[in-house]
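[1] output the structure for:
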Amino acid sequence: MVEKKSKESIKEFNRRILKEYKKSLKHMVFDETLTLYILRPIAFIFVKMFYPTKITPNQVSLMTIIVGILSGYFFSRGDVTSYFIAGVLYFLCLVLDCVDGMIARLKKNGTPVGRIVDGFADYIVGIVVYIGLGIGFSKGLVPIDFWPYSYWLLLVISAASHIFHAVIVDYYRVEFMSHGLGKVTSVWEEKRIFTDEMNRIKHMRGKWLDKILIIVYLGYSHLQIFRLNEQEHYNRRAYFKANKLMVLLWFWIGPTAHVFVLILAAILFRPIIYFVFTIGLANIYLLVLWIIQVKIKQRLRKIPV
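    Next comes the predicted model:
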């Protein structure tokens, strides 16, 4: 009898944990595959640790930035051990980057500016890591004999490729949200929320950083809305069916995929792995997917809305 009650209590505990975990997640279309199946489960451990405390999502974002800066510092040292530490720290950075939003959704204490800070942290960490890589290369300890030109040029090309892939993936994610899920209004709703927040704080003192972040975000939101060409209309069911796999395939060259490859390259002390992926393989993959995507769109345009 006691054993039966014990099993039932364990099942109830597991159900409660699973319910909390699902509640902490966003819609799957917002998360890359590696984020959803690797980072989120690990991040939930930190969420359970931080949840009973007074740690806010913005404070977790600050932790993300600090850990990212530390990762950049170890990349700048340019030796085998430091690269390994940098890779581990960068992975921790990715995990923490998930934690802030998950806590905000569970506690329902997220703020419009907090969501911008979360994205802002990604940019800071990315810049610091690339600068750290460049400084590390200058010390001559990292094997980059495969590149006969300036290592800074190699990093610029890699960063440009990384950013381009992130933009393309985001574009097709937003298109899928619009035409496949009917969530085009969510983009407009986001813009309205941040516009209202700006109107609320525009006359407040000491809110200059919040105002700058909102202005930048509103500019980005305007680009997103502009991209959602209102002249394009598709049969939603047909669009969803044709693109549900495509959007998952696009995620394999998203920002998280790039960082995972960089982490692997750092741990193995073989930066060539990252450069071959981000400059070579990922661009070939992008071209193939783009050709397929164009053909899918051409076919969908023939289906009555």
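[2] low pLDDT regions in the chain?
    Scanning the chain for pLDDT under 70 picks out the ranges 1-8, 13, 27-29, 109-116, 184-194, 196-198, 201, 204-232.
[3] let's see it at 50
    Counting by pLDDT under 50, the ranges of the chain that qualify are 185-186, 226, 229.
[4] now the helices for the stretch 101-250 of the chain?
    112-138, 151-175, 184-201, 208-227, 236-250 (DSSP state H, counting those that start in this stretch).
[5] angle of the second one against helix 112-138?
    Note on geometry: by axes from the mean of the first three to the mean of the last three CA atoms, to 10 degrees, helix 151-175 and helix 112-138 are set 150 degrees apart in direction.
[6] go on, the last one?
    Interaxial angle of helix 236-250 relative to helix 112-138 (the same axes, to 10 degrees): 30 degrees.
[7] so who does residue 85 touch?
    Residues counted as contacts of residue 85 (CB atoms under 8 Å, 6 or more residues apart in numbering) are residue 74. For every residue, glycine as well, the C-beta is placed using N, CA and C.
[8] and the helix or strand encompassing it, how far from the chain's centre?
    Assignment of secondary structure by DSSP states H and E places residue 85 within helix 80-107. The chain centre lies 12 Å from the centre of helix 80-107; the measure is CA atoms, centre = their mean, to the nearest Å.
[9] buried residues, it. List them.
    Residues 82-83, 85-87, 89-106 are the ones in helix 80-107 that count as buried (16 or more other CB atoms under 10 Å).
[10] ramachandran coordinates for residue 31?
    phi -110, psi 140 (degrees, to the nearest 10).
[11] and for it, nearest residue in space, chain neighbours not counted?
    residue 40 (7.0 Å; CB to CB, 6 or more residues apart in numbering).
[12] tell me if I'm right that that neighbour and residue 101 touch.
    No: using CB atoms under 8 Å, residue 40 is not in contact with residue 101, being 9.9 Å away.
[13] list the contacts of residue 259.
    So residue 259 contacts 90, 94 (CB under 8 Å, 6+ apart).
[14] if we go to 10 Å?
    Residue 259 sits next to 34, 90-91, 93-94, 97, 122, 125-126, 129, 162, 274 when contact means CB atoms under 10 Å, 6 or more residues apart in numbering.
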